[in-house]
Every structure is written in C-alpha cells, then in structure tokens.
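Trainee: With the input below, show me the fold.
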Amino acid sequence: MQSNSSVDIFKVWIGLAAFVIIVGGIKLAASLLIPILLAIFIATVAYPIIEWLEKIGIHKILAFLIVLLMVVLILSIFGYIILSSVDGFVNNIPLYTKRVYALLDSSKSLLGNFGIDFNIEEIKRLLDLESAVGFLSDLLKALSKVLSKSLLIFLAVMFILFDLPNLKAKIKLLSKDKNSNHFELFSYKLNKYLFLKTIISLATGLLIGVGLYFLGVDFAPLLGLIAFLLNYIPAIGSIIAAIPAIVVALAGADPFIAIWVIILYLAVNITFGNILEPKVMGEGLGLSVLVVFLSLLFWGWVFGSVGMFLAVPLTMTIKLALEQHPKTKIFAFMLGSYKGKEPFK
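Mentor: You can find the predicted model right below:
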C-alpha cells in the first residue's frame, strides 16, 4: 500500500513539474504563439462559413477565396480602427479622467447644498479610473503590435483552412477506435462555440459602436471594437468594456449623455448576453465564473494583455477536449457552469 501511494505521489510531482516546464516554454514563446493562436481562432470561426458556402452549391475553391477575402477585410477594418484611434485614445485618457474628477468635485459641492456629504478622495481612489482605462489602452497597444504581424496571421489562416479537411481525415485514420467520433464531436462543439460567440460579439460591438456614434461619443468605432473583444469574457467583459465609454461620455460636452450610454450597454448586453446567447449557444457551452476569473489571471500572465482576450476561448477549448474522454469528463464538469443537473446526463 505504501509503495503504491509513493508511486502515485511521484507521478503527481512529475506531472506538476512537466506542467510548469510546459507553461514556462509557452510563456517564453508567447511572441510567436500569439499570432498562431489568433490564426487558429480565426480559421476555426471561418471554416463553418466555407462548409456552408459549399452546401449552397459554391465550388470549394471559390468558397475558400470568398472566406479569405472576408478575413482580409475584417483584419483591415480592425487594424484601421486600432491604428488610427489608439494613440488619440491613450493620449486623451489623462484629460478624460481629469474632467470626470472635476465633475465629481462639482457634484460634491452641489450635493453639499442639500446636506449630503461624502469623501470625494475615497471615491476617486476606489474608482481608480486611470488603472481601469489604462488596462484597455494596454490591451489595444498589444493588439496593434500583434496586428503588425497581420501578414503572418493571414498566411497561417490560409494554410490552416486549406489543410483542415486533410488534418481531420488523418486524425480519423490514426484513431485507435475507428468507430469513435470523439474528434469530430470536439471539432463540432468547438466550431459551434467559437462561431456563435463571434457572431454574437460582432453584433454586440456593432450595435454599441453605432449607438455611441449617434450619441456623439468620441472614439465610437474603437469603443465598439473593445465591446466586441471583451464580449468573449462572460459577465466581467461587458462591465469592463462599458467603463471607458462612460468615462468618455462624462468628459464630453454633455455629461448626461453618460446616462444614455449606460442604458445602451445595459440594453445590448441584457438582450444578447442574458436572453439571446443562452438560447443560441445551448447548454454545455459555459464556464463557471470562478474558472473565467482564474483563466483571465493565468492566460493574462502567460500571454500578457492579449492573453486575457484569448483566455475564455482557450479555456473553453480545453473544457471541450476534456469532455471527449470518460476519464477526464469530471474535470470538464468542474470547469463548466452548474445548471442544477447531474453530470454526464
């Protein structure tokens, strides 16, 4: 009994050591891995479109070229928005926060006339707008750095899309259990999650950007892009995305526009995040709030600011992979959100 126990402990320590070495290697290779991971992410989202185009009668080569053109167009739009706006946004952060703090000071004086008093310095310290908005500026700077490698990303997407059918066929042939469809099921669930999440995030970002534009808020396209990116982070992302828009609106000519900005974010995120997304995505494609938070910390540490954007898709990929084997299903269950049902039913 003791020898079996000691062997098990030894295996655990070996596993932990291997995990630390692998994570250390990933962190050292982050500059190379981030463009590749983004390419895999884009290709996974784009491949269902190719399949759909083929189903409606379009030749696979033409479908392939149409999707590649869409990828180039979207990357170009994102790159233009970030590269044309990020410097102005970052440079205006001190001005925006200064105006918001001045507004708080004037509110203190106004409320003081009605006998309402509060510690304005404590509120400023709790809000810490510089750090909150500064995090987003760091994310945008990191994305602009990644987009400088857009040619590498595009080439990787092209080769992945071109070779994906062959890769699936090879994995199926190499499978020990020829009747097993674990990989196909994993691919289907991953494609479904990333594709639907991307469509919902695009709709969220588009509505936010258009709404902010008509409200006259500065940097509306950039704020819409931020809403799109952070919508991949459940619950927390929509809150973080709303902070810079509210700050910019409060610092504008009419601070009361901030009320409409809050209503806009609430309406869009409640409609998509709480009503539409659960119905479209279905059960089994969720993560627990704690896992989301821990994944943000872990992948953010490994890959930096961009890692926080990739955190939930990467963790969801791991969860879906764990679901495909009976011995690892319990770990997938622990990662997922609990719906009051027994596991594996």
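Trainee: Lowest average confidence across helices and strands of this protein, where is it?
Mentor: Least confident element among the helices and strands of the chain, by mean pLDDT, DSSP states H and E: helix 120-127 (a mean of 62).
Trainee: Can you give the distance of stretch 230-239 from its chain's centre?
Mentor: The chain centre lies 7 Å from the centre of stretch 230-239; the measure is C-alpha atoms, centre = their mean, to the nearest Å.
Trainee: Buried ones in it, by neighbour count?
Mentor: Leu230, Asn231, Tyr232, Ile233, Pro234, Gly237, Ser238 (16 or more other C-beta atoms under 10 Å). (C-beta placed from N, C-alpha, C; glycine too.)
Trainee: Give the rounded mean pLDDT of that stretch.
Mentor: What stretch 230-239 shows for mean pLDDT is 81.
Trainee: I figured Ala142 was touching Ser305, is that so?
Mentor: Yes: with contacts defined as C-beta atoms under 8 Å, Ala142 counts as touching Ser305 at a distance of 4.1 Å.
Trainee: Show me what Leu287 is bridged to.
Mentor: Counting by DSSP bridges, Leu287 is bridged to Gly336.
Trainee: shouldn't it be in contact with Lys319?
Mentor: Yes: at 6.7 Å, Leu287 and Lys319 qualify as touching, with contact defined as C-beta under 8 Å.
Trainee: what's the host helix or strand of Leu33 packed up against?
Mentor: Taking DSSP states H and E as the criterion, Leu33 maps to helix 30-55. Contacts defined by 3 or more C-beta pairs under 8 Å, 6 or more residues apart in numbering; DSSP states H and E place helix 30-55 against helix 60-112, helix 129-147, helix 150-174, helix 182-215, helix 289-303, helix 305-322.
Trainee: Dump these into CSV; add mean pLDDT, distance to Ala258 and mean neighbour count as well.
Mentor: As requested, those are arranged in CSV below (pLDDT from 0 to 100; distance: least, C-beta to C-beta, whole Å; neighbours: other C-beta atoms under 10 Å):
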stretch, mean pLDDT, distance to Ala258, mean neighbour count
helix 60-112, 80, 9, 15
helix 129-147, 72, 13, 18
helix 150-174, 80, 35, 14
helix 182-215, 85, 10, 18
helix 289-303, 85, 27, 17
helix 305-322, 82, 25, 21
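Trainee: I'd like those laid out as CSV, including distance to Leu264.
Mentor: Formatted as CSV, the helices and strands packed on helix 30-55 follow (distance: least, C-beta to C-beta, whole Å):
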stretch, distance to Leu264
helix 60-112, 18
helix 129-147, 18
helix 150-174, 31
helix 182-215, 5
helix 289-303, 24
helix 305-322, 22
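Trainee: Nearest to Asn269 among those helices would be which one?
Mentor: Evaluated with C-beta to C-beta, the helices and strands packed on helix 30-55 place helix 182-215 nearest to Asn269, the distance being 7.1 Å.
Trainee: what packs against that closest one?
Mentor: helix 30-55, helix 150-174, helix 220-230, helix 236-250, helix 257-269, helix 277-281, helix 305-322.
Trainee: Looking at the ones you listed, which is nearest to Leu194?
Mentor: Judged by C-beta to C-beta, the one of these that comes nearest to Leu194 is helix 30-55, at 5.0 Å.
Trainee: can you give me how far the closest one is from the chain middle?
Mentor: Distance of helix 30-55 from the chain centroid (C-alpha atoms, centre = their mean) equals 15 Å.
Trainee: what about Val217, which SS state?
Mentor: Using DSSP: H, G, I helix; E, B strand; the rest coil, the structure places Val217 in coil.
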